[in-house]
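# After the sequence you'll find the predicted model.
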Amino acid sequence: MATSMLSTNLKYLRKRENLTQVQLAEKLQIKRSLIGAYEEGRAEPKLVTLVKMAQVFNMSVDELINPELPNLAKSGSGHASNVRVLSITVDAQDRENIELVPYKASAGYLNGYADPEFMEELPKFRLPMIQGPGTYRAFEIKGDSMLPIPSGTVIVGRYIERWQDVKDGTPCIVVSLQEGIVFKRIYQKANASALRLHSDNPTYQPYEVALADVVELWEAKAYISTSFPMAEISLDRLTSLVLDLQQEVQKLKTVN
């Protein structure tokens with residue numbers, strides 16, 4: 001990242017939002033002197049701070065460091081798609097891998113999702129049934145909030161560039177600064193300021209995540225699990241089985 005690129009954009013965005021250096025520092029939870037150092041090109045922020053900056057200004061990281069940012073804003077075409085810079089890996093045939101984010105790596109993923117070195121360390125695989133354009137990633141989920149999909153299941157998701165394109169009720173992996181990595185069905189708020197997250201397990205109440213906190217959105221396309229679902233037995237079938245068992249018991253009594 002070019003230091004001058006960020007320093008120019010940061011100063012422009014801060015003034016556009018009528019924020020002082022102190023106010024911006026409070027939002028980012030850092031010292032005011034660091035804001036001055038960033039704007040003067042004397043220092044570069046850590047990745048986690050860079051992500052927070054992008055969220056504060058409601059844009060993606062790549063837009064934040066875009067040298068054409070002031071011109072895009074003037075033309076009205078700035079941050080129209082919520083596109084994020086994703087680090088990806090490819091195989092020997094230059095095909096994108098599916099990187100697996102184990103549950104234990106969830107916390108590290110939030111800070112390293114745009115770090116090529118972090119992504120290189122993740123397990124990788126390919127699925128023949130996953131075809132077509134798009135970037136795919138797999139996330140191991142924990143908990144029972146999306147039963148009957150059990151804890152430990154791996155959800156394979158396709159990266160969503162525009163959250164506005166996702167239909168209500170779509171199951172998604174949501175990566176946010178507020179909640180980390182969660183698997184939920186998403187619903188859009190009418191005021192477009194938050195996403196409402198619903199669990200399939202009715203014992204869990206829906207809740208909201210501010211769009212400003214959403215880092216990534218992955219539409220669930222497949223899942224991998226070592227647990228097989230229990231067969232559903234209708235009441236009529238269950239009654240029939242009980243009657244058959246009673247008849248077998250009666251036969252045994254008669255024989256004895």
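Nice, thanks for sending it over. Numbering: from 1, shown residues only.

# Helices of this structure, start to end?
For the chain, applying DSSP state H gives helices covering 3-16, 21-28, 32-39, 47-56, 61-64, 69-75, 106-112, 116-121, 235-255.

# Could you list every helix and strand in contact with the fifth one?
Of the remaining helices and strands, those touching helix 61-64 by 3 or more CB pairs under 8 Å, 6 or more residues apart in numbering; DSSP states H and E are helix 3-16, helix 47-56. Heads up, the C-betas are built off the backbone N, CA and C, glycines and all.

# mind checking how far that helix is from the chain centre?
Per CA atoms, centre = their mean, to the nearest Å, the displacement of helix 61-64 from the mean C-alpha position of its chain is 18 Å.

# Repeat that for the fourth one.
Between the mean C-alpha location of helix 47-56 and the chain-wide mean there is a distance of 16 Å, by CA atoms, centre = their mean.

# again, but for stretch 194-207
Put simply, stretch 194-207 sits 15 Å off its chain's centre (CA atoms, centre = their mean).

# again with stretch 22-36
Worked out by CA atoms, centre = their mean, stretch 22-36 lies 27 Å from the chain centre.

# Could I have the CA atoms of that stretch written out in PDB?
Below are the C-alpha coordinates for stretch 22-36, written out as PDB (Å, rounded to 0.1, in the frame of the first residue of the first chain):
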ATOM      1  CA  VAL A  22      -9.500  13.600  17.800                       C
ATOM      2  CA  GLN A  23     -13.000  12.500  16.800                       C
ATOM      3  CA  LEU A  24     -11.700  10.100  14.100                       C
ATOM      4  CA  ALA A  25      -9.100   8.700  16.600                       C
ATOM      5  CA  GLU A  26     -11.900   8.000  19.100                       C
ATOM      6  CA  LYS A  27     -13.900   6.200  16.400                       C
ATOM      7  CA  LEU A  28     -10.900   4.000  15.600                       C
ATOM      8  CA  GLN A  29      -9.900   3.700  19.300                       C
ATOM      9  CA  ILE A  30      -6.300   4.900  18.600                       C
ATOM     10  CA  LYS A  31      -4.200   7.900  19.600                       C
ATOM     11  CA  ARG A  32      -4.800  11.200  17.900                       C
ATOM     12  CA  SER A  33      -1.100  11.400  17.100                       C
ATOM     13  CA  LEU A  34      -1.400   8.300  14.900                       C
ATOM     14  CA  ILE A  35      -4.100  10.100  12.800                       C
ATOM     15  CA  GLY A  36      -1.600  12.900  12.200                       C
END
